[in-house]
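Engineer: the sequence and its predicted three-dimensional model are supplied below.
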Amino acid sequence: MIISVASGKGGTGKTTVAVNLALTLAETESVCFLDCDVEESNAHLFLKPELKGSSKVTVPVPVVDEKKCNRCGLCGEVCAFNAILPLGEDVLTFHELCHGCGGCTLFCPTNAIREEPQEIGVIEWGNSGEIFHVQGKLNIGSPLAPPIVKAVRAHNVDRPQCTVYIIDAPPGTSCPVVSSVMNADFCLLVTEPTPFGLHDLKLAVDMVRELKVPFGVVINRAGLGYEDLADYCKAENIPVLAEIPFDRRYAKCYAKGGRLIDEFPEIKKTFRELRQAILVSAGRV
Amino acid sequence: MKELLVVSGKGGTGKTTIVGTLAVLAKDTPLIRNPVLADCDVDAADLHLILNPATKESKEFFGLKKAGLDRDKCDNCGECIPVCRFDAITSHNGIIRLDPISCEGCGVCYRVCPRQAITMEDFIAGHWFVSDTPYGPMVHARLGIAEENSGKLVMEVRREARRIAETLESNLIISDGPPGIGCPVISAMTGVDLVLIVTEPTVAGIHDMERLYNLAKGFDVEVAVCINKYDLDSETSADIEGFCHAHNIYVAGKIAFDERVVKALTRGEPIIMPRRRMSSGAQRTSSDPHSLPDTTARAIEELWTKIVVRLY
């Protein structure tokens, strides 16, 4: 079963929920944790995995053999990303813009272009207790996150058999998030009862509905007094599967890289109930 | 004309709240002429929630084209499937399916199709807006759900903000940045005069701040840091200050956690009211229900003063 934890708004508690949920599920399941927030992956700060391996993530980028190039300019026409530009006597390539579609290479009439792997990031894996942990890291300065997200998700294919995969998604609603949520069995949207939280939750709900993934909401920092959030969920028939109250002690535990379920028995209970609620919502019980 | 970008790396540190507050202060600062605001967090733009904009203009944003399939021409030969590197083309019971969400618009399938059954279609990937706020004109945007091209839309927002700033002979653009370090942040960051990183004293906050700082360094832009909610964990706050001193990063401000900030946001207001709305000579005091305890208001004013000194 694949559970993706997303939010829309940043800083609502995705990683906190994903980590504590993974630890709770690990009590009864074989869990694989996939940190897909490849721009700023944080789960390792809490799960503290012992990393055993890593591999580079690359995008195939064009390299032009000037001797074979006949300056026809077709590569520039073909490229939708302005990553290859015939300019006078030269063909300029901008590897950071390249999406690796292979078009220029495929259509070059003189076979003057070959593809070479350009590193854009890495994936790393290891164990955190019983949890198998995979994380992706975008190289600083590389713009394209989705290939790394896809690499993290693909990594579970020949791994030890896990029964549950927890995906920690990035904030937002655009392509890296979509890569983290698509084809999940269930999506948890973590929000907070503030105007920003509600506004961005609505965007996230639109995204998850478009991806046709069943979902439920977790309200983090509950009790701050903004009622519109709960009203919205009720009006839209969106199940609120858990509420974590605002509590400075929880914030302090998080600040230090601590695990809420280990320090607060009431939170341990909340996450066990959340585990049940997800399994029921996803029809797995 | 100067551009100030406020980013965080990690989400939820208080970027937008701080930008909204700086916008109010900028309007009150004689040195600043006709400030322009830009919300570059195009995935999940929130600045408008506290600045109460009145939309004047709305424009469509066309991202990359997307592949569309003409079923009348398609004979399901399947030649398109192996050339798509983005898993956007599949065959289901022998029938070809194009997934617009996965399609990245490269156009290879369009060129490969022997029946010319695929066309590349213009696609509205989002919208951008020019609005009036009590603190100056604001350019903001909304990227369509599941869309790419956030970097491109950020460039549009910045381009329009600069155009307006030039028309108004403004000397400041304040941009609310996106989280992360990927293409929208890179688009927001290139060529700005000062990047203010708003961070929080948590292990995640410091981790993300360091990555973001390295990104900014690569772009050769000046960086300053503001530690928000600094009293949440004084040890980690000290770690952040230590990092800043070690790397010669200017610590422009430290703001304590204040629940009243959240309450003000819930009312949909920037957390400092402009002086001109108050009776002349009035100071912001804690007895005013629309203001903050002196310490928080003062901390933000100090942050603003330091930013202005740094910029000009």
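Structural biologist: That came through fine.

Engineer: and stretch A:171-187, how far out from the chain's middle?
Structural biologist: 7 Å (Cα atoms, centre = their mean, to the nearest Å).

Engineer: now the end-to-end length of it.
Structural biologist: End-to-end distance for stretch A:171-187: 14 Å, by Cα to Cα, to the nearest Å.

Engineer: same check, this time on stretch A:179-192
Structural biologist: End-to-end distance of stretch A:179-192 (Cα to Cα): 23 Å.

Engineer: only the buried residues of it, if you could.
Structural biologist: A:179-182, A:184-192 (16 or more other Cβ atoms under 10 Å in any protein chain shown). (Glycine included, C-beta is placed from N, CA and C.)

Engineer: can you convert those residues into CSV and add a column each for pLDDT?
Structural biologist: Shown next, in CSV, are the buried residues of stretch A:179-192 (pLDDT from 0 to 100):
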residue, pLDDT
A:Ser179, 94
A:Ser180, 96
A:Val181, 97
A:Met182, 95
A:Ala184, 96
A:Asp185, 95
A:Phe186, 96
A:Cys187, 97
A:Leu188, 98
A:Leu189, 98
A:Val190, 98
A:Thr191, 97
A:Glu192, 95
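
Engineer: just those now: which is nearest chain B?
Structural biologist: A:Met182 (7.3 Å; Cβ to the nearest Cβ).

Engineer: ok, the closest one - contacts?
Structural biologist: Neighbouring residues of A:Met182 by Cβ atoms under 8 Å, 6 or more residues apart in numbering or on different chains: A:211, A:213, B:101-102.

Engineer: what's the answer for A:Gln161, then?
Structural biologist: A:Ser30.

Engineer: would you map out the domains in chain B?
Structural biologist: B:2-61+B:127-311, B:66-122 (automatic domain parsing).

Engineer: what's the mean pLDDT across the shortest one?
Structural biologist: Mean pLDDT, domain B:66-122: 95.

Engineer: cool, and stretch A:257-277?
Structural biologist: Mean predicted confidence for stretch A:257-277 is 97.

Engineer: same question, stretch A:134-142
Structural biologist: Regarding stretch A:134-142, the rounded mean pLDDT is 94.

Engineer: could you list the buried residues of that stretch?
Structural biologist: Quick answer for stretch A:134-142 (16+ other Cβ under 10 Å): A:134-140, A:142.

Engineer: would you list every one of the helices in chain B?
Structural biologist: With helices called from DSSP state H, chain B shows them at B:15-27, B:48-51, B:108-112, B:150-168, B:183-189, B:203-218, B:234-246, B:259-266, B:294-311.

Engineer: rank these by pLDDT, which is bottom?
Structural biologist: Lowest mean pLDDT of the helices of chain B: helix B:259-266, a mean of 82.

Engineer: what angle do that helix and helix B:294-311 make?
Structural biologist: Between the axes of helix B:259-266 and helix B:294-311, defined by axes from the mean of the first three to the mean of the last three Cα atoms, to 10 degrees, the angle is 80 degrees.

Engineer: which bits of the stretch 101-250 of chain B sit near chain A?
Structural biologist: Selection of the stretch 101-250 of chain B residues close to chain A by Cβ under 8 Å from any Cβ of the partner chain yields B:101-102, B:104-108, B:111-112, B:143, B:145-148, B:150-151, B:178-184, B:186, B:200-205, B:207-208, B:211, B:214-215, B:218, B:232-233, B:236.

Engineer: need the contact list for residue 48.
Structural biologist: All of this is about chain A. A:128, A:257.

Engineer: try again with chain B
Structural biologist: With Cβ under 8 Å, 6+ apart, B:His48 has these contacts: B:39, B:131, B:138, B:140.

Engineer: would you turn those residues into TSV with pLDDT and neighbour count?
Structural biologist: As requested, the contacts of B:His48 are exported to TSV (pLDDT from 0 to 100; neighbours: other Cβ atoms under 10 Å in any protein chain shown):
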residue	pLDDT	neighbour count
B:Asp39	96	29
B:Ser131	97	19
B:Met138	97	29
B:His140	96	27
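
Engineer: of these, which is the nearest to B:Ile118?
Structural biologist: If you rank these by distance to B:Ile118 using Cβ to Cβ, B:His140 comes first, at 34.6 Å.

Engineer: surely that closest one and B:Ala45 touch.
Structural biologist: Yes: in this structure, B:His140 is within contact of B:Ala45 by Cβ atoms under 8 Å, at 5.2 Å.

Engineer: joint contacts of the two?
Structural biologist: Counting by Cβ under 8 Å, 6+ apart, the residues touching both B:His140 and B:Ala45 are B:Asp39.

Engineer: quick one, what contacts the closest residue in space to B:His140 that isn't next to it in sequence?
Structural biologist: Excluding its sequence neighbours, the residue lying closest to B:His140 (Cβ to Cβ, 6 or more residues apart in numbering or on different chains) is B:Asp39, at 3.8 Å. Contacts for B:Asp39 (Cβ under 8 Å, 6+ apart) come out as B:45-48, B:138-141, B:157, B:175-176.

Engineer: out of these, name the ones that lie in strands.
Structural biologist: Judged by DSSP state E, the subset of those located in strands is B:138-141, B:175-176.

Engineer: with distance to A:Arg272 added, can I get those residues in TSV?
Structural biologist: Listed next are the ones in strands among the contacts of B:Asp39 as TSV, based on distance: Cβ to Cβ, whole Å:
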residue	distance to A:Arg272
B:Met138	45
B:Val139	47
B:His140	42
B:Ala141	42
B:Ser175	43
B:Asp176	39
